[in-house]
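J.: For reference, the sequence and a predicted model appear below.
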Amino acid sequence: MSLSTRHLLGIKDLTVDDISLILTTAEQFKEVLQRPVKKVPSLRDVTIVNLFYENSTRTRFSFELAEKRLSADTINFAVSGSSAAKGETLLDTVRNILSMKVDMVVMRHSASGAPHFLAKHIPAAIINAGDGVNEHPTQGLLDAFSMKEKLGKLEGLKVALIGDIMHSRVAMSNIYLLNKMGAKVTVCGPPTLIPKYIRESFGVEVNYDIKETLEWCDVANVLRIQLERQNQVLFSSLREYNIAYGVKRKLLDNLNKEIVVMHPGPINRGVELDSDVADSKQSIILQQVENGVAVRMAVLYLLSGRNPANN
Ligand code: CP
């Protein structure tokens, strides 16, 4: 089996079969990562550039490790220290890098649509590692992989996305993926951080009450307050946000069930998520990070052209 697309620009473009294939392939790579020798020769002689125009810890190292575990050659780009800092355009930068016989591009950019623009102008496969407020497809995939691993299914699962939905590319990729795979999604947060027509446009439920939302869900995927993307005051203070919408131990202890808590990171501790929840046994935050490597190995492998079904 092969993917229906040459690039991974967003979950929006994937079919149900594509998502299932990526998750199944990731299971196989997760098994590889449990071995004493965590490396396979699948992408030997493939060269990949990791272009990070925006800060990252998890995604950048996860892609880099995934590439190394697949035996690919990798080069890493950050704006600081590059000629982008002198004003070189995105397209010139990528064309110059590709002329050095680079085969695949992993890219994070603060501009929504940057990888879609690139895909129209260059021949290499592009993987979106997060574009502005649009999508973060490998985060959506690793979140789904982690939910399925923990709870055994996606279909029928009740997933709450809690927090800054308005500025969250993770929310968008989760919504597209969970809708396609038959899960039920509710978004929760202050009205100023939830897009007005999200119910009509994206087929999710909206609940402004965090207690009701937590009582409803099987999984709470708590999202970061993205102050760097907010150009106006959207809530009174971080302290008041925590009081009204922070996921707290007491809220969880008052439920008559144990829900799974997730967060894509980085966490604003004491704002959207309290430490005694983030570090508790209900949290699978570090499993999400671990699973990210296997999921990214699957995406790189399936888009590389090395999958026999692509040839
Ligand atoms: N989840 C995530 O994208 O984290 P980073 O910004 O550290 O890559």
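T.: Looks like it came in fine.
J.: tell me the contacts of the residue of the stretch 201-311 of the chain found nearest the ligand?
T.: Nearest to the ligand, among the residues of the stretch 201-311 of the chain, is P264, at 3.9 Å (Cβ to the nearest ligand atom). Glycine gets a C-beta too; all of them are placed from N, C-alpha and C. If you count contacts by Cβ atoms under 8 Å, 6 or more residues apart in numbering, P264 has them with R58, H136, Q139, D143, V170, N221, L223, R224, Q288.
J.: The residue nearest to V32 when sequence neighbours are not counted sits in which helix or strand?
T.: Leaving aside its chain neighbours, V32 sits nearest to V40 (5.7 Å; criterion: Cβ to Cβ, 6 or more residues apart in numbering). Using DSSP states H and E, V40 falls within no helix or strand.
J.: V40 and V293: what is the separation?
T.: As defined by Cβ to Cβ, to the nearest Å, V40 lies at a distance of 13 Å from V293.
J.: Settle it for me: which of those two has more neighbours?
T.: V293 (24 against 17; other Cβ atoms under 10 Å).
J.: I'd guessed that one sits against A66; true?
T.: Yes: V293 lies in contact with A66 (Cβ atoms under 8 Å); the separation is 5.1 Å.
J.: Look at I175 and tell me its secondary structure.
T.: Put simply, I175 is helix when judged by DSSP: H, G, I helix; E, B strand; the rest coil.
J.: Distance check, it against the ligand.
T.: In this view, I175 and the ligand are 16 Å apart by Cβ to the nearest ligand atom, to the nearest Å.
J.: Check A124 too.
T.: Separation of A124 from the ligand (Cβ to the nearest ligand atom): 22 Å.
J.: What values do phi and psi take at that residue?
T.: phi -70, psi 160 (degrees, to the nearest 10).
J.: Likewise for E290?
T.: phi -60, psi -50.
J.: still on that earlier bit, which ones among the contacts of P264 lie within strands?
T.: Judged by DSSP state E, the contacts of P264 include N221 as members of strands.
J.: got the residues of the stretch 101-250 of the chain near the ligand?
T.: Within the stretch 101-250 of the chain, the residues that sit near the ligand (Cβ under 6 Å from any ligand atom) are G130, H136, Q139.
J.: Am I right that the residue of the stretch 201-311 of the chain closest to the ligand falls within a helix?
T.: No: using three-state DSSP, the assignment for P264 is coil, not a helix.
J.: how about the helices of the stretch 201-311 of the chain, start to end?
T.: Taking DSSP state H, counting those that start in this stretch as the criterion, the stretch 201-311 of the chain carries its helices at 210-216, 238-245, 249-253, 275-278, 285-303.
J.: how about TSV for those helices, with mean pLDDT added?
T.: Formatted as TSV, these follow (pLDDT from 0 to 100):
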stretch	mean pLDDT
helix 210-216	98
helix 238-245	95
helix 249-253	98
helix 275-278	98
helix 285-303	98
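J.: Format those helices as TSV; extra columns: distance to A84.
T.: Formatted as TSV, these follow (distance: least, Cβ to Cβ, whole Å):
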stretch	distance to A84
helix 210-216	41
helix 238-245	32
helix 249-253	44
helix 275-278	34
helix 285-303	24
